[in-house]
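# Got a predicted structure here, sequence first:
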Amino acid sequence: MKVSDGFWLNKPGYSVNYATQMYTIEADETSVTVYATNQWIGNRGMTLGGPMLTVRYTSTLENSIKVTIEHFKGALRKAPSFELNEDNSFKPVVRKTDDGGYELISGKTSVRIGAEKSGWNISYRYDGRLLTKQGWRTTSLVEEEEWLRSNRTASEQGSRFFAQSDNGDSSHIREMLGLSVGEYIYGFGEKFSTFVKNGQTVEVWNNDGGTCSEQSYKSIPFYVSSRGYGVFVNHPECVSFEVASETVSKVAFSVQGQRMEYFLFGGETVADAISRYTDLTGKPALPPAYTFGLWLSTSFTTSYDEETVSSFIDEMERRDIPLEVFHFDCFWMKEFQWTGFEWDKDMFPDPKSMLARLKAKGLKICVWINPYVSQCAPVFDECMEKGYFIKNKDGSVFQCDMWQPGLAIIDFTNPAACEWFVSKIKALAEMGVDAIKTDFGERIPTDVAYFDGSDPFKMHNYYTYLYNKTVFEALQDVKGMNNACLFARSATAGGQKFPVHWGGDCFSNYESMWETLRGGLSLCLSGFGFFSHDISGFEATGSPDLYKRWTAFGLMSTHSRYHGSGSYRVPWLFDEESCDVSSHFVKLKGRLMPYLFKNAVFTHKTGVPMMRAMVVDFGYDRAALTVDTQYMLGDSLLVAPVFSEDGVCDFYLPEGGIWTDIQTGEQLAGGSWYTKKYDYFGMPLYAKSNSIIVYGDFKRTVEYDYTDNMKIVIYGLEDGKTAETQVYDMNANLAAEIKAVRSGDTVTVTVSGTTKPFTVESTQGLNIVTN
């Protein structure tokens, strides 16, 4: 939300009242409250009216500062609100500072507040180190004149920040936090724009816009800084961010209304900030082990029946491409009847028996749904009569023709509608379906009424949380803990609790492949632990070259799915080598499962993403802070997809020891960029120094005993250093612990927790002694 005209003026139609003087400060055992006037008070006459902002600082979670800014305290607060894990019994330390101000301390994170009657002066620190600060012309109340609101176009009113609540409130609370020299900002959900967000306007407003636009399926009001802190604006409605794009030395964020609440999380690293954010909003659930294998889809508008599906599955087996999950997209239901939860009996006359036959081949099954119901679906009348749909303000059912004829939208604020939806999900699960692709949920109207009276402006983004939560918990009820899995497209804050998420509709070219990676990296810096995408692109049909390069990228992502729009994505339709490349990377991923699942458990426990940008682990290396063409897959493995037809790849190995290519054994020094050319079976896959990767005895499925015939490989262990890792079973139980200690040319390896045979290798040719 840009309101300034340069540094000194405001745009016509806006008035801005800044927190100028800390006129009065009150402190108690757990909070500090500042009453800030919009001008310097020189005499009693200046206290007669005029806006005042009440700013309260407290902490409900260690290493976080909760900030509440209010203008009119009596303004209505309508549902929904994010589900947060606050600890109201937590007690921060409040102390007076030597300059007459206050400091509120939460763990190692603190906020320092200037003295009473002084100018606006706030700073946030971690272990004494400055994170960010505020001063003159930062915190403010922005008010719009009526002519400005009435003159906005319909598109402004309906699509972005100006899709405002209809409560008539012309006020906004705006906050600004300073940027330090060389500081970078990341996150805000799945953003396909430039990876580093400095210089961008970011609107937290979900839309179905594909990967080629500034719109987002997963908009999250949370960002992280290269200085190791994070900021979460606790508002499900639209939040507008100006990231060094209006006042270029600051991040500004605005919400409509009389109140703003946000949290600042302090840390030493980006990983610390993400972990603390997910302490508040929820940790990612642990996806079942099978989900890390290869998924194959029917694609979207292709024609298919059981014979087609079986032929694909059998051919994958014949070509030695281990397949884990088969996905039925929209047309498992009859055309014009989505989402009616009834199989198209013309194409699948006996779906339960068909699913039993497919599962007998060792496969898991996924089916597509969305939260919209066509007027042609047999269930429409039942849902309408029982009040399960979102309604217009006159009480009629909201409908449109955008996706299906007479489409209506399930109202997940209605408990009875949720129960009905859950019954349909459970019926699918009992039929043999293992996972659900929860598509859509972004184009949610705002000029409507909800069963529980929720604010439709807030519900626009929040709707997807209720939708995905309902489906995930239904599956969990049937399948059990750590056995539920979605393939979700839309999300908001907290949606990370319901994995997995995929990147939406991308085009079949290298540029879109890069867009997809940027979106995934941004999403995973926003609290989401796992990420997938449509291998080879969704729209159009890519070349065999692109298919093979994207296959490598896809299989070296946390979750891997072949899916397209109007054509099948089976490899033999591209060329014979595509089959070999697919087989190669599926098997490589299968062998990596002990390492991958260990990292999945770590993500589940800590919230630190499994697939993550280089800044998460290498924030100390300035050259790594802006890299967006590669990532870490877990704690030890660097992955750099090849984005060119000539097979040339530029990649950066961060400072700190020797990096080893896990396929070729080539060793390269860290702290440098490299340019290399790869065939289709290669890509930069480098293990960092002082690490251990455990390879498993993979055969046909990623569900196996990860301690059976372990191959323990020790990478670049430096003299005097220790490397450690763990192996978990498929139920997330600790199955083995491995420790390697180097002294001179000898590495002593200790393996505990299992008595099964294993082998140990050192990439440096060192002597191995096992205990």
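Right, received. Where do you want to start? Numbers count the residues shown, from 1 in each chain.
# all helices for the stretch 251-400 of the chain, in order.
For the stretch 251-400 of the chain, the helices defined by DSSP state H, counting those that start in this stretch cover 270-281, 306-318, 351-359, 380-385.
# so how far is the last one from its chain's centroid?
Using C-alpha atoms, centre = their mean, to the nearest Å, the distance from the centre of helix 380-385 to the centre of the chain it belongs to is 34 Å.
# For the very next helix or strand once past it, give me every contacting residue.
As assigned by DSSP states H and E, the chain's next helix or strand after helix 380-385 is strand 408-409. Identification of contacts with strand 408-409 by C-beta atoms under 8 Å, 6 or more residues apart in numbering yields 371-373, 375, 380, 383-384, 389-390, 397-399, 444-445. For every residue, glycine as well, the C-beta is placed using N, CA and C.
# that older thread, looking at the helices of the stretch 251-400 of the chain, which is buried most?
Stretch with highest mean neighbour count among these: helix 270-281 (a mean of 25; mean count of other C-beta atoms under 10 Å).
# Low-confidence stretches in the chain?
Flagging of the chain using pLDDT under 70 yields the residue ranges 152-168.
# Scan the chain for its longest strand.
Looking across the chain with DSSP state E, the single longest strand is strand 734-743.
# so which of the helices of the stretch 251-400 of the chain gets nearest residue 600?
Proximity to residue 600 (C-beta to C-beta) singles out helix 270-281 among the helices of the stretch 251-400 of the chain, at 14.6 Å.
# Check which helices and strands the closest one sits against.
Applying 3 or more C-beta pairs under 8 Å, 6 or more residues apart in numbering; DSSP states H and E, one finds that helix 270-281 makes contact with strand 219-225, strand 230-233, strand 259-265, helix 593-606, helix 614-617.
# ok, and for the second one, which residues are buried?
Using 16 or more other C-beta atoms under 10 Å as the burial criterion, the residues of strand 230-233 that qualify are 230-233.
# re earlier: CSV for the helices of the stretch 251-400 of the chain, including distance to residue 68?
As requested, the helices of the stretch 251-400 of the chain are arranged in CSV below (distance: least, C-beta to C-beta, whole Å):
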stretch, distance to residue 68
helix 270-281, 15
helix 306-318, 54
helix 351-359, 51
helix 380-385, 40
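# Those helices: which one's closest to residue 555?
Nearest of these to residue 555, taken as C-beta to C-beta: helix 306-318 at 13.9 Å.
# which residues touch that closest one?
If you take C-beta under 8 Å, 6+ apart as the criterion, helix 306-318 is touched by 296, 298, 322-323, 326, 328, 347-348, 354, 357-358, 361, 363, 568, 570, 572.
# hmm, back to that, and the longest strand of the chain, how far out from the chain middle?
With C-alpha atoms, centre = their mean, you get 32 Å for strand 734-743.
# That strand pairs with which strands?
Applying DSSP bridges, strand 734-743 is found paired with strand 722-728 (antiparallel), strand 746-752 (antiparallel).
# Tell me which of the ones you listed is the most buried.
Of all these, strand 722-728 has the most neighbours on average by mean count of other C-beta under 10 Å, namely a mean of 19.
# what about dumping the CA coordinates of that strand to PDB?
Presented in PDB, the C-alpha positions along strand 722-728 are these (Å, rounded to 0.1, in the frame of the first residue of the first chain):
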ATOM      1  CA  THR A 722      33.000 -35.500  14.400                       C
ATOM      2  CA  ALA A 723      30.000 -36.200  12.200                       C
ATOM      3  CA  GLU A 724      26.700 -37.700  13.400                       C
ATOM      4  CA  THR A 725      23.500 -38.800  11.900                       C
ATOM      5  CA  GLN A 726      20.400 -40.900  12.600                       C
ATOM      6  CA  VAL A 727      18.200 -43.400  10.900                       C
ATOM      7  CA  TYR A 728      14.400 -43.600  11.600                       C
END
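# by how many degrees do that strand and helix 593-606 diverge?
If you take axes from the mean of the first three to the mean of the last three C-alpha atoms, to 10 degrees, strand 722-728 sits at 90 degrees to helix 593-606.
# Following element in sequence after the longest helix along the chain, please.
Counting residues, the longest helix found in the chain (DSSP state H) is helix 456-479. Scanning forward in sequence from helix 456-479 by DSSP H and E, the next helix or strand is helix 510-524.
# ok, residues contacting that next one?
Under the criterion C-beta under 8 Å, 6+ apart, residues 186-195, 211-212, 216, 218, 220, 501, 503-504, 506, 531, 533, 537, 546, 549-550, 553, 557, 609-613, 628-629, 631, 641, 643-645 lie in contact with helix 510-524.
# Would you indicate which residues of that helix are buried?
510, 512-524.
# how close does residue 596 get to residue 454?
The spacing between residue 596 and residue 454, counted by C-beta to C-beta, to the nearest Å, is 39 Å.
# An error on my part: the question was meant for residue 56.
From residue 56 across to residue 454, the span is 26 Å (C-beta to C-beta).
# Residue 677 too?
55 Å.
# Can you show me the CA trace of stretch 92-103 as CSV?
Output of stretch 92-103 as CSV, limited to C-alpha atoms (Å, rounded to 0.1, in the frame of the first residue of the first chain):
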residue,chain,number,x,y,z
PRO,A,92,9.0,-12.2,29.7
VAL,A,93,11.4,-10.0,31.7
VAL,A,94,10.5,-6.3,31.8
ARG,A,95,13.2,-3.9,33.1
LYS,A,96,14.0,-0.2,33.1
THR,A,97,16.9,0.9,31.1
ASP,A,98,19.6,3.4,32.0
ASP,A,99,18.2,6.1,29.6
GLY,A,100,14.8,6.0,31.3
GLY,A,101,13.2,3.6,28.8
TYR,A,102,12.2,0.0,29.0
GLU,A,103,13.4,-3.4,27.7
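# quick one: contacts of that stretch?
25, 27-32, 58-59, 104-106, 110-116, 118, 121.
# Assess the claim that residue 606 and residue 283 are in contact.
Yes: between residue 606 and residue 283 a contact is recorded at 7.5 Å, counting by C-beta atoms under 8 Å.
# the strands in the stretch 651-771 of the chain, which residues?
For the stretch 651-771 of the chain, the strands defined by DSSP state E, counting those that start in this stretch cover 658-661, 667-669, 672-677, 685-687, 691-695, 710-715, 722-728, 734-743, 746-752, 758-762, 767-770.
# what's the closest of these to residue 479?
strand 722-728 (18.8 Å).
# contacting residues for residue 122?
Residue 122 neighbours (C-beta under 8 Å, 6+ apart): 111-114, 133-135, 138.
# Out of these, give me the one that has the most neighbours.
Counting neighbours by other C-beta atoms under 10 Å, the top entry in these is residue 111, with 26 neighbours.
# do you know how far that one is from residue 31?
Going from residue 111 to residue 31 by C-beta to C-beta gives 11 Å.
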